[in-house]
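# Build me a structure from this.
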Amino acid sequence: MFKFIQLVLCMLFVFGTMVMVSQVNADTMYAVIPSSPKPGGTSRWAWLWGKHMNNNLSGNIEQIDFKYIPGNRGKNALRKFESKLKYGNYMMTSHGGNAMATLLEDVGNYDFRKYKPILIHPGNMLIPKRIDYNPKFHKQKFALNPGGGSEPDHFAAGLMVCPETNDMDKFMKCFKDRVIIVKGMKSGGARIVAFVNGELNVSRDTFQNYTGNAKYKKALANNELEIWFHHCQMNYKTGQWVDDPNPELKGLCFDYIFEQTHGFKPKGEVYDAYVLLRLWRDGIQKSFFVTTDSVYYHDMVTIATKTWFDEEFQKERLKKLGSYEIFIGQDSEFIIKRMYEAVNESTLKNAVRFVNEGLGYKAVVKHIHSP
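Now for the predicted structure:
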């Protein structure tokens, strides 16, 4: 009897030890969000994924949570992740601002090729305009996004009124004459108010926010706004630019609207610089990255895969994020390859010149080599 009791106690001890080890090894995985904890394009995307990832946990990850590091167009978060957080249970959330910063600015040695994408969920931005704005005669008034990421939007809208697609000198001269870049708006909400009130005549947004925001809805009901164009989508398997998969945006790709407006297809060194910016911004504007040797990589890939095939996630995803393709784990790595293959010195110089002279903040020509 005594031996039996000893055996039971031993089993309970072993089981308890296993439970304790399991609890010690279970971790919270933090998504570093390069913005403050308030609703915005990046936070809404991360919150939606986090909500459903927490219903599809796997391995040693017990919870998905968030760490917010706002400021400096996403660069603060990149620098903090690069210098410290990458070694722990953190994953970097990429958005348009830090994608652009990685291409155009000093970000403390952050390089997407040094990390592994858990998932990449490419998006798109549309450019609405006021119906009373006539691009042929009126000056374009467009607000600079304080969080970064609006560079392709300004470039494309500028090309619509300055169709000098193969002469950077002529394009920049026209841009300075025809486009007014408004600075100092602290939030997307302020930009929306200014746009629907007529203080701006061009804006930028996601399709979901454009059709769901109450201020937009009122202006749309009054027939004051229309979608001018969107940035097209890359087919990453073929490398070709195609239309947006959402039916409401069909036929509004920049390339199509430009040709309809000006009578020729956009091509040349200026257009190539714009395409480079839209590829980098929209290609990885919504994604999670970890270090190449992260112990959390495989668990997170499993969680992301389970989440993608979760019916509840799909219902909410289609409603709030639109019908955009997903790339998980190794399937996402060739997107990074496409991005870096598109970089060459002359195209990058033109992109940097546009940001410096057209948008008024310091960009630099970095030595970026294809993988």
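
# Spell out which residues sit in contact with residue 29, please.
By CB atoms under 8 Å, 6 or more residues apart in numbering, the contact list for residue 29 reads 61, 63-65, 89-91, 296, 300. (C-beta placed from N, C-alpha, C; glycine too.)

# Switch those over to CSV; also include distance to residue 124.
Formatted as CSV, the contacts of residue 29 follow (distance: CB to CB, whole Å):
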residue, distance to residue 124
61, 30
63, 31
64, 25
65, 28
89, 31
90, 27
91, 23
296, 29
300, 25
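
# In the stretch 251-371 of the chain, where is pLDDT below threshold?
Low-confidence segments of the stretch 251-371 of the chain (pLDDT under 70): 369-371.

# thinking again about what came up before, which of the contacts of residue 29 count as buried?
With burial judged by 16 or more other CB atoms under 10 Å, the buried subset of these is 61, 64, 89-91, 296, 300.

# what's the most distant pair in these?
Spanning the widest gap among the buried ones among the contacts of residue 29 are 61 and 90, at 12.2 Å by CB to CB.

# Check the spacing between the most centrally placed residue in the chain and residue 42 real quick.
For the chain, residue 285 is the residue whose C-alpha lies nearest the centre (CA atoms, centre = their mean; 1.6 Å). Distance, residue 285 to residue 42, by CB to CB, to the nearest Å: 8 Å.

# Touching both of those two, which residues are there?
Shared contacts of residue 285 and residue 42 (CB under 8 Å, 6+ apart): residue 95.

# I'd assumed residue 45 was in contact with residue 316.
No: look at residue 316 against residue 45 with CB atoms under 8 Å: they stay out of range, at 11.6 Å.

# Show the contacting residues for residue 312.
Going by CB under 8 Å, 6+ apart, residue 312 touches 52, 55.

# Tell me the first helix or strand C-terminal of the helix or strand harbouring it.
In the assignment (DSSP states H and E), residue 312 maps to helix 311-320. Downstream of helix 311-320, the first helix or strand assigned by DSSP H and E is strand 327-328.

# contacting residues around the helix or strand just after that next one?
Beyond strand 327-328 on the C-terminal side, the first helix or strand identified by DSSP H and E is helix 333-341. Residues outside helix 333-341 that contact it (CB under 8 Å, 6+ apart) are 112-113, 116-117, 120, 122, 234, 236, 239, 279-280, 283-284, 327, 368-371.

# Selection in PyMOL covering whichever of these are buried, please.
Buried residues among those (16+ other CB under 10 Å), as a PyMOL selection:
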select buried, resi 112+116+117+120+122+234+236+279+280+283+284+327+368
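
# Hey, what's the angle from the helix or strand containing residue 270 to helix 333-341? Just curious.
Using DSSP H and E, residue 270 maps to helix 269-283. Relative orientation of helix 269-283 versus helix 333-341 (axes from the mean of the first three to the mean of the last three CA atoms, to 10 degrees): 150 degrees.

# Show me what helix 269-283 is packed up against.
helix 96-104, helix 151-161, helix 168-178, strand 233-235, helix 333-341, helix 345-353 (3 or more CB pairs under 8 Å, 6 or more residues apart in numbering; DSSP states H and E).

# Quick check: mean pLDDT of the next helix or strand after the first one?
Right, the one you point to is helix 96-104. Following helix 96-104 in sequence order, the next helix or strand is strand 115-120 (DSSP H and E). Summarised as a single mean, pLDDT over strand 115-120 is 96.

# Mind listing the strands strand 115-120 pairs with, and their directions?
Here strand 115-120 has these sheet partners by DSSP bridges: strand 287-291 (antiparallel), strand 327-328 (antiparallel).

# how about the helix holding residue 312 as PDB, C-alpha atoms only?
Output in PDB follows, covering the C-alpha atoms of helix 311-320 (Å, rounded to 0.1, in the frame of the first residue of the first chain):
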ATOM      1  CA  GLU A 311     -14.500  30.600 -41.200                       C
ATOM      2  CA  GLU A 312     -15.200  33.300 -38.600                       C
ATOM      3  CA  PHE A 313     -12.000  35.000 -39.600                       C
ATOM      4  CA  GLN A 314     -12.900  34.900 -43.300                       C
ATOM      5  CA  LYS A 315     -16.300  36.400 -42.700                       C
ATOM      6  CA  GLU A 316     -14.900  39.400 -40.800                       C
ATOM      7  CA  ARG A 317     -11.800  39.600 -43.000                       C
ATOM      8  CA  LEU A 318     -13.800  40.000 -46.200                       C
ATOM      9  CA  LYS A 319     -16.100  42.600 -44.600                       C
ATOM     10  CA  LYS A 320     -13.300  44.700 -43.000                       C
END
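
# Nice, that's everything, thank you.
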